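A.B. asks: Predicted model and sequence follow; I will ask about them next.
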Amino acid sequence: MTWQATALTLFPDMFPGTLGQSLAGRALERGIWSLDARDMREYGLGRHRVVDDTPFGGGAGMVMRPDVVAAAIAGIDLAGRPLVYPTPRGRPLKQADIRRYAAGPGVVVLCGRYEGVDERVLEASGAEQVSIGDYILSGGEVAATVLLDACVRLLPGVMGSGESAVEESFADGLLEYPLYTKPAQWDGRDVPEVLLSGHHAAIARWRRAASETVTQARRPDLWAAYQVGAGQDIPRVAGIRADADRLN
Ligand code: SAH
């Protein structure tokens, strides 16, 4: 069964873009997922296919019209898929959302442009509003690409056995431990000795401690949640601290 992605956009040529390359691109070619970029301009009004207008109440910029966006949504078969509207006004998009989307039949992403989309069509359509971070992009296409890239890599058969989604950042509420590869000595810098020891339990302890240290230092929000929540049922390693200065 193919995981189905639809992007409603004024710039269909922006897709597949980076999603046509590497991991996601190969999965697209293999039919693990499909991508339909629908041009909302087709639903624009009049000879000029107008999709936007000035904001009621005044102010800068243009707003995407609800009638046009509603027609574009009505023009697709949602087929049980969530409609997602990326916007800086949304709740932060989390790996848990990505897992939920990836586990379903697919997603429909409404890509905003200009100042955004009329609130009424967002309400009426029940769109999930998610933000990919506290900064402003010029349009929703890049945010849609981020969301789809994160979903596609979780689809069965996309990641090889060499790439694991189990141990990476956020999987257990912590950021990932630092990574090292050959050469063991580079530019006067050594790899932490324990990683060369072959002692799997000691390596696991070191990695857990390093994950905790970096999470505490960089993401106090994740660290607080880890301490009170999901982290509770994970075996803890007390008293072990990785080299904090390596982690900055
Ligand atoms: N006026 C809006 C910003 C509009 S940016 C505001 O102040 O909130 C234009 C479009 O880009 C948005 O409709 C949205 O689809 C997309 N976009 C911009 N920044 C984003 C972000 N951080 N996360 C998700 N989507 C974003």
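C.D. replies: Cool, got the structure. Numbering: from 1, shown residues only.
A.B. asks: List the residues that contact the residue nearest to the spatial centre of the chain.
C.D. replies: Centroid check for the chain by CA atoms, centre = their mean gives Leu147 as the closest residue, at 3.8 Å. Contacts for Leu147 (CB atoms under 8 Å, 6 or more residues apart in numbering) come out as 84, 86, 93, 98, 101, 107, 109, 130, 132. Just so you know, the C-beta spots here come from the backbone N, C-alpha and C atoms, and that holds for glycine as well.
A.B. asks: how close does the closest residue to the second one other than its chain neighbours sit to Arg47?
C.D. replies: Distances taken as CB to CB, 6 or more residues apart in numbering put Ala143 closest to Pro86, at 3.5 Å, once the chain neighbours are dropped. Using CB to CB, to the nearest Å, we find Ala143 at a distance of 31 Å from Arg47.
A.B. asks: ditto for His199
C.D. replies: His199 sits 73 Å away from Arg47, going by CB to CB.
A.B. asks: more neighbours, those two?
C.D. replies: Set side by side, His199 and Arg47 show more neighbours around His199, with 12 against 6, by other CB atoms under 10 Å.
A.B. asks: ok, that one to the ligand distance?
C.D. replies: Using CB to the nearest ligand atom, to the nearest Å, we find His199 at a distance of 43 Å from the ligand.
A.B. asks: What pLDDT does the model give that residue?
C.D. replies: The per-residue pLDDT reported for His199 equals 98.
A.B. asks: Please apply the same query to Asn248.
C.D. replies: In this model, Asn248 carries a pLDDT of 38.
A.B. asks: Do I have it right that Arg153 meets Arg26?
C.D. replies: No. Taking contacts as CB atoms under 8 Å, Arg153 lies outside contact range of Arg26: 11.0 Å.
A.B. asks: tell me the secondary structure for Pro86?
C.D. replies: Following DSSP: H, G, I helix; E, B strand; the rest coil, the label given to Pro86 is strand.
A.B. asks: Next up, the contacts around the residue nearest to Gly126 when sequence neighbours are not counted.
C.D. replies: The shortest distance from Gly126 to any residue other than its chain neighbours is 6.8 Å, reached at Leu83 (CB to CB, 6+ apart). Neighbouring residues of Leu83 by CB under 8 Å, 6+ apart: 73, 107-108, 110, 125-128.
A.B. asks: Sort out which of those are in strands and list them.
C.D. replies: 107-108, 110, 128 (DSSP state E).
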